[in-house]
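# Here is the input, now give the coordinates:
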Amino acid sequence: MSGPPRILAMGGGGFTMEPDNPALDDYVVSLTDSREPRVLFLPTASGDPTAQITSFYGRFGRTASATHLSLFRRHGSARTLADIVLEQDVIYVGGGSMRNLLAIWQAHELDALLREAWRRGIVLVGLSAGAMCWFQGGVTRSGGPPEVIKGMGLLPGSFSVHADGEPERLPVWLSAVRSGELPGGWAADDGVALLFHGTKMTKVVTSRPGTAALRVDAVAGQLVRHRIEPELLGVTTTSPLNAPVSDDIRELRDLKYGMRRG
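Have a look, this model is predicted:
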């Protein structure tokens, strides 16, 4: 597949978190021009669990040519990693431990192959750890408490996930951005996904009403925050689910993200 490099970074959601809501995964398939896109699942961050792999095939097996790559069970395979990775239209990275994910990829030199896939225009997709890994850094819970971790750096800036589902990550991320330990970047609620063309963020979508993304930068030692209202997937513009967010909901969001109104 050719075209500009694209990455879809999800704060949470997709088939592992929303078994009854295919909106985000349908959006993933729509990012390709192929009538039967080849989608490769990398479940490395969770240790290649059978249940997660089965869920992937249950969601993508009907809409794509779906396959997975298990780095924990490579014995007996006659194909090289390059053969597998570089023939895909989409590479979908699951959630789990970002620290383990990056260490295992590096050991197999898969990180270099994924960089090459991105340069060739293969769409890279990930949620949670599988989303943060593309950025310069993020906040992981691989060791328990939230802590700063360095990413691959394909995308400039930092990314924090599960902003509503695991709000304890947010203060750690905000503190790291303020101090300069992490560059400015984005936080995303579960269900929210950011689409990048090249290194520029071009669109924000969500599978869940009432969710949002947040852009934060440090300016002269102070945090500048900008909330981003995403496009709600899977509904028409006349649907009540896509109606303007009420002032009460906005107020709650402002409190969550530490924003001031007016």
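
# For the stretch 151-262 of the chain, give me the ranges with low pLDDT.
235-262 (pLDDT under 70).

# Now do the strands in it.
155-160, 185-188, 192-197, 200-206, 213-219, 222-228, 231-232 (DSSP state E, counting those that start in this stretch).

# Give the buried residues for the fifth one.
Buried positions in strand 213-219, judged by neighbour count with 16 or more other CB atoms under 10 Å: 213-216, 218. Yep, even glycine has a C-beta here, placed from its N, CA and C like the rest.

# With distance to residue 202 as extra columns, can I get those residues in a markdown table?
Shown next, in a markdown table, are these (distance: CB to CB, whole Å):
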| residue | distance to residue 202 |
| --- | --- |
| 213 | 13 |
| 214 | 17 |
| 215 | 14 |
| 216 | 19 |
| 218 | 24 |
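
# on that earlier part again, determine which stretch of the strands of the stretch 151-262 of the chain is the most buried.
strand 185-188 (a mean of 28; mean count of other CB atoms under 10 Å).

# to the chain's geometric centre, what's the distance from it?
How far strand 185-188 lies from its chain's middle: 10 Å, per CA atoms, centre = their mean, to the nearest Å.

# swap in stretch 174-188?
Worked out by CA atoms, centre = their mean, stretch 174-188 lies 17 Å from the chain centre.

# Name the residues that touch it?
By CB atoms under 8 Å, 6 or more residues apart in numbering, the residues outside stretch 174-188 that reach it are 9-12, 131, 135-139, 148, 156-161, 163, 169-170, 173, 194, 201, 213-218, 221-223, 228, 257-258.

# go on, stretch 208-221?
With CB under 8 Å, 6+ apart, stretch 208-221 has contacts from 11, 13, 21, 163-164, 173-174, 177-180, 184-192, 194, 204, 206, 223-230, 232, 241-242, 245, 249, 253, 257.

# got the end-to-end distance for stretch 7-26?
Taking CA to CA, to the nearest Å, stretch 7-26 runs 15 Å from one end to the other.

# shift numbering so it begins at 566
Okay, residue one is now 566; in that scheme the one you just asked about reads as stretch 572-591.
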